[in-house]
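Participant: this one's sequence-less:
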């Protein structure tokens with residue numbers, strides 16, 4: 001598109017809208033900034049600038065635009081909705097809840113806002129509020145499949161698998177082409193799966209109107225069904241097809257991960273820890289459970305949180321969000337991780353206190369609070385700068401089993417490495433390199449917990465774990481599966497059962513998938529000392 005440099009603000013806005021529609025976000029951004037220079041405070045231009053920034057990956061910039069638009073007129077639905085969605089996308093679910101409530105003040109019957117509000121409540125562990133919101137949506141529209149499926153997911157998080165299956169079955173009854181509900185039924189470990197469900201899944205896979213996400217979920221569901229029944233070749237066929245579909249929405253760059261880890265290692269070295277050694281808060285409550293996904297992080301938290309003095313916070317998104325907005329939050333000239341080299345002692349408390357407020361929301365009386373966000377291994381250096389008495393539990397598992405377990409799980413787009421074992425191997429290599437770096441320089445204790453040891457000797461390993469976090473032994477930690485807490489991860493089913501050994505060496509059923517990268521994974525594993 002040819003751009004006339006002397007046109008009016010309204011013409012600039014129209015051209016920018018056309019550029020946005022055609023996917024040219026960068027060009028649209030330039031026009032919108034020119035339009036706002038001519039007419040500051042134009043709500044439409046601000047909203048579209050937010051959309052451009054969001055498409056360019058600048059969620060913080062997008063949120064700032066939407067908030068500015070909302071300050072000008074709090075009754076407009078579009079900027080309110082955009083703000084809420086951007087906050088949810090960034091992982092700031094508490095703020096997203098407030099924003100969706102504002103949307104509902106403007107349009108009380110918005111089913112999409114209700115559904116997203118319920119998702120945000122679910123993400124921060126407020127399952128009762130989430131359930132109430134999904135039921136409110138279903139009262140307005142009983143056949144609203146998204147709300148019915150999300151209600152089922154809340155039941156799963158709470159360990160009420162029978163209620164979850166009933167909800168999925170109701171969603172399928174309301175819409176026989178609900179691929180997502182059907183996929184959940186087939187993937188479940190209950191006796192609800194019927195031949196008719198399998199036939200329906202195969203039929204839907206041949207229907208043109210089923211979207212890519214629905215098709216991927218059907219393949220995952222069928223893969224898990226055949227895996228449970230020992231038909232591993234057929235299961236692998238479906239898992240490959242699922243990941244082939246998901247790969248289109250996942251991005252992975254081995255060079256980007258390598259560069260990121262190198263930057264972290266360069267910045268978070270002994271001189272930085274020594275310079276800020278006296279600034280960290282001495283709060284002993286935080287216990288960070290880290291590691292690759294599917295290495296037993298949920299099981300570890302379930303065991304620890306079964307202790308009466310330990311609260312489990314689940315996966316808190318705080319450090320990922322703080323890293324994304326690091327330049328602003330830490331008031332430094334460069335983004336994370338490079339910006340950390342400019343941190344001052346006064347910044348430490350400013351970054352630490354909001355995190356403590358997060359865990360205070362869960363419990364103000366617990367002796368320890370666990371945060372089991374696996375990818376916090378990227379932020380252990382920042383964690384050490386903020387909390388001098390924190391403890392790190394690093395979960396480790398045979399990387400071949402981890403590779404398989406990631407491949408067969410329907411992860412979101414943040415897990416770009418999961419769709420291809422070669423990508424997994426590259427990611428795993430840099431994860432291992434970073435953990436080796438932390439063991440050399442981190443001024444915090446790290447407890448390496450091997451999943452296979454927990455399976456072989458649950459009591460001995462659990463006792464060592466409790467001793468590491470500074471709590472006396474309690475027999476309830478061996479009965480972790482009796483605990484009624486919310487578990488919102490793919491392991492929600494497993495942690496409701498006693499420990500079993502079926503997952504150890506499971507990769508051998510899928511040698512064709514894993515063996516091409518097996519030697520590479522073994523070389524990269526860098527098994528922690530003593531394991």
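Facilitator: Ah, there it is. All values reported here derive from a predicted model rather than from experimental measurement. Numbers count the residues shown, from 1 in each chain.
Participant: CA atoms for contacts and neighbours, from now on please.
Facilitator: OK.
Participant: How about residue 146: what's its closest non-neighbour residue?
Facilitator: residue 115 (7.2 Å; CA to CA, 6 or more residues apart in numbering).
Participant: The one you found reaches residue 148, doesn't it?
Facilitator: No: using CA atoms under 8 Å as the test, residue 115 is too far from residue 148 to be in contact (9.5 Å).
Participant: Which neighbours do those two have in common?
Facilitator: residue 134 (CA atoms under 8 Å, 6 or more residues apart in numbering).
Participant: Looking at those two, which is more packed in?
Facilitator: Ranked by neighbour count (other CA atoms under 10 Å), residue 115 and residue 148 place residue 148 first, with 27 against 24.
Participant: Contacts only, for the more buried one.
Facilitator: With CA under 8 Å, 6+ apart, residue 148 has these contacts: 134, 138, 167-168, 170-171.
Participant: Looking at those residues, spot the one nearest residue 514.
Facilitator: residue 168 (32.9 Å; CA to CA).
Participant: what sits up against the helix or strand harbouring the closest one?
Facilitator: Per DSSP states H and E, residue 168 falls inside helix 161-174. Identification of contacts with helix 161-174 by CA under 8 Å, 6+ apart yields 143, 145, 148-149, 151-156, 178, 181-182, 184-185, 192.
Participant: let's see it at 6 Å
Facilitator: For helix 161-174, the external contacting residues (CA atoms under 6 Å, 6 or more residues apart in numbering) are 143, 145, 152, 155-156, 178, 181.
Participant: Out of those, which one has the lowest pLDDT?
Facilitator: The weakest per-residue confidence within the contacts of helix 161-174 falls on residue 156 (88).
Participant: before we move on, back to that, is the residue nearest to residue 146 in a helix, a strand, or coil?
Facilitator: When classified by DSSP: H, G, I helix; E, B strand; the rest coil, residue 115 comes out as helix.
Participant: per-residue confidence at it?
Facilitator: pLDDT at residue 115 comes out at 96.
Participant: Over to residue 50?
Facilitator: 88.
Participant: which residue sits closest to it in space, ignoring its chain neighbours?
Facilitator: Per CA to CA, 6+ apart, closest to residue 50 is residue 62, 3.9 Å.
Participant: Distance-wise, check the one you found relative to residue 325.
Facilitator: 12 Å (CA to CA, to the nearest Å).
Participant: More neighbours: these two, which one.
Facilitator: The residue with more neighbours, out of residue 62 and residue 325, is residue 62; 26 against 18, by other CA under 10 Å.
Participant: wait, that one sits on residue 52?
Facilitator: No: under the criterion of CA atoms under 6 Å, residue 62 is not in contact with residue 52, lying 7.6 Å apart.
Participant: Mutual contacts of the two, please.
Facilitator: Joint contacts of residue 62 and residue 52 (CA under 6 Å, 6+ apart) do not exist.
Participant: circling back to that earlier point, would you indicate which residues of the helix holding residue 168 are buried?
Facilitator: 161, 163-165, 167-172 (16 or more other CA atoms under 10 Å).
Participant: For the stretch 401-531 of the chain, just list every one of the helices.
Facilitator: Secondary structure of the stretch 401-531 of the chain (DSSP state H, counting those that start in this stretch): helices at 421-441, 451-456, 458-469, 511-524.
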